[in-house]
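K.L.:
no sequence for this one, just the structure:
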């Protein structure tokens, strides 16, 4: 899931719980021979007036069920009718079957805004080691190598068209859903309706995503009561939220549908997302760093703090190995992010290049981006050792 819009404190649990025994609502078929190279063009949020027939046959004269008597939902239905042409009776019937997810509300109620982190204070001892261990074990690595073998054509097509390496795409899919093992068990309709109308703190965001979800299911010809995903509404192998689907989902296998439960389309969608957000083919992601003395402890660190090499050197920070250009388009001088990662005994220090920052566009977290990168590298090396 593109978790940047979800509170950061619940990211680990979202990643672990997003798919407890979830099943795909669509069968996953074999790749079409000769995967086409899709054009990277912007798509409208929904089709013009010749919409596909609405699926599910829903109809009601009034709201019933868990959301009967909700004025905000009544207003939302009216908005969808006036703005997007959805039949009122169809939406009344659909939402009469929506279920309120009390577990989600109880969990979210325990979540309170965290203070702005102190980016000078030393990172928590062992924090990175514990996070890393969730994704860098044999389970994720072996599944990643096997997924590469089964989906080599789609991964190669995505790399050729978008310039994003196969391993990086695999790193995202591995951290997000373990290559489809953790797709999520909640109906997206229930998850988004619950958070839109019973979670005031983020109601605006989740109401927008509910709107996006209905537009998505209509454009793709899906029954909106069928897709399942995380308890926050993320979908498919790539865990896109509906708004991300409308912007970046890709029909890589050319079957006329964008289906994130299909490995080929999930692969293409991740690659397209990275390309749009500035991935630079052939450029490095991170470089190990040395931090001498104590002055480096006075410098703010993290994925969102760019520095020149000269600025870093003034604080005793320098590359520990040969470094690539690190130069972003239009910049007079390359910039890097100083990364401090807490391990069991001390810290690891890295310099993040622009491609590292691009990974954090998928999830605004240094740990997340580093886990994606390191998982990708392990899978790449193991895949290269396999006999062809």
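P.N.:
Arrived safely. All values reported here derive from a predicted model rather than from experimental measurement.

K.L.:
figure out how far stretch 242-253 is from the centre of its chain.
P.N.:
Relative to the chain's own centre, stretch 242-253 is displaced by 12 Å; criterion: C-alpha atoms, centre = their mean, to the nearest Å.

K.L.:
quick one: end-to-end length of it, please.
P.N.:
Length of stretch 242-253, first residue to last, C-alpha to C-alpha, to the nearest Å: 20 Å.

K.L.:
so for that stretch, mean pLDDT?
P.N.:
Here stretch 242-253 scores 97 as its mean pLDDT.

K.L.:
cool, and stretch 121-140?
P.N.:
Averaging pLDDT along stretch 121-140 gives 94.

K.L.:
residues of it that come out buried?
P.N.:
123, 128, 131-132, 135-136, 140 (16 or more other C-beta atoms under 10 Å). To be clear about C-beta, it is placed using only N, CA and C from the backbone, and glycine gets the same treatment.

K.L.:
which strand or helix spans the closest residue to residue 131 other than its chain neighbours?
P.N.:
With C-beta to C-beta, 6 or more residues apart in numbering as the criterion, residue 131 has its nearest non-adjacent residue at 4.6 Å, and that residue is residue 367. Counting by DSSP states H and E, the element that carries residue 367 is helix 366-385.

K.L.:
which elements pack onto that helix?
P.N.:
helix 127-133, helix 138-150, helix 166-177, strand 336-343, strand 346-352, helix 354-362 (3 or more C-beta pairs under 8 Å, 6 or more residues apart in numbering; DSSP states H and E).

K.L.:
what are the buried residues along that helix?
P.N.:
For helix 366-385, a neighbour-count test (16+ other C-beta under 10 Å) marks 366-380, 383 as buried.

K.L.:
quick revisit: please work out which of the helices and strands packed on helix 366-385 is packed deepest.
P.N.:
For the helices and strands packed on helix 366-385, the largest average neighbour count (mean count of other C-beta atoms under 10 Å) is found in helix 166-177, namely a mean of 26.

K.L.:
thinking again about what came up before, please convert the helices and strands packed on helix 366-385 to JSON lines, extending it with distance to residue 281.
P.N.:
Output for these, formatted as JSON lines (distance: least, C-beta to C-beta, whole Å):
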{"stretch": "helix 127-133", "distance to residue 281": "26"}
{"stretch": "helix 138-150", "distance to residue 281": "19"}
{"stretch": "helix 166-177", "distance to residue 281": "11"}
{"stretch": "strand 336-343", "distance to residue 281": "19"}
{"stretch": "strand 346-352", "distance to residue 281": "17"}
{"stretch": "helix 354-362", "distance to residue 281": "9"}
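
K.L.:
low-scoring stretches of the stretch 251-388 of the chain, by residue?
P.N.:
Residues of the stretch 251-388 of the chain that meet the criterion pLDDT under 70 lie in 324-332, 387-388.

K.L.:
kindly recompute the last result at 50.
P.N.:
Residue ranges of the stretch 251-388 of the chain with pLDDT under 50: none are present.

K.L.:
ok, residue 61 - contacts?
P.N.:
Contact partners of residue 61, counting by C-beta atoms under 8 Å, 6 or more residues apart in numbering, are 89, 92.

K.L.:
out of the buried residues of stretch 121-140, which one sits closest to residue 353?
P.N.:
Of all these, residue 353 sits closest to residue 128, with 18.6 Å by C-beta to C-beta.

K.L.:
from residue 339, how far out is that closest one?
P.N.:
Distance, residue 128 to residue 339, by C-beta to C-beta, to the nearest Å: 9 Å.

K.L.:
shared neighbours of those two, which are they?
P.N.:
348, 370.

K.L.:
so who does residue 163 touch?
P.N.:
Contacts of residue 163 were listed using C-beta under 8 Å, 6+ apart, and they are 275, 279-281.

K.L.:
please identify the helix or strand for residue 135.
P.N.:
With DSSP H and E as the test, residue 135 turns up in no helix or strand.

K.L.:
that one: what's its closest spatial neighbour, skipping adjacent residues?
P.N.:
Here the residue nearest residue 135, using C-beta to C-beta, 6+ apart, is residue 371, at 4.8 Å.

K.L.:
got it, and residue 72?
P.N.:
residue 197 is the one closest to residue 72 (C-beta to C-beta, 6+ apart), at 5.3 Å.

K.L.:
so where do the helices sit in the stretch 101-250 of the chain?
P.N.:
Taking DSSP state H, counting those that start in this stretch, the helices of the stretch 101-250 of the chain run over residues 102-109, 127-133, 138-150, 152-162, 166-177, 188-198, 203-220, 242-248.

K.L.:
and the first one with helix 188-198, angle?
P.N.:
Interaxial angle, helix 102-109 versus helix 188-198 (axes from the mean of the first three to the mean of the last three C-alpha atoms, to 10 degrees): 50 degrees.

K.L.:
quick one: list the elements packing against helix 102-109.
P.N.:
helix 188-198.

K.L.:
who are the packing partners of the helix it packs on?
P.N.:
helix 71-84, helix 102-109, helix 203-220, strand 228-229.

K.L.:
if you set the cut-off to 7 Å instead, what comes out?
P.N.:
Helix 188-198 is packed against helix 102-109, helix 203-220, with contacts defined by 3 or more C-beta pairs under 7 Å, 6 or more residues apart in numbering; DSSP states H and E.

K.L.:
show me which residues of that helix are buried.
P.N.:
188-198.

K.L.:
got the angle between it and helix 203-220?
P.N.:
Going by the same axes, to 10 degrees, helix 188-198 makes 150 degrees with helix 203-220.
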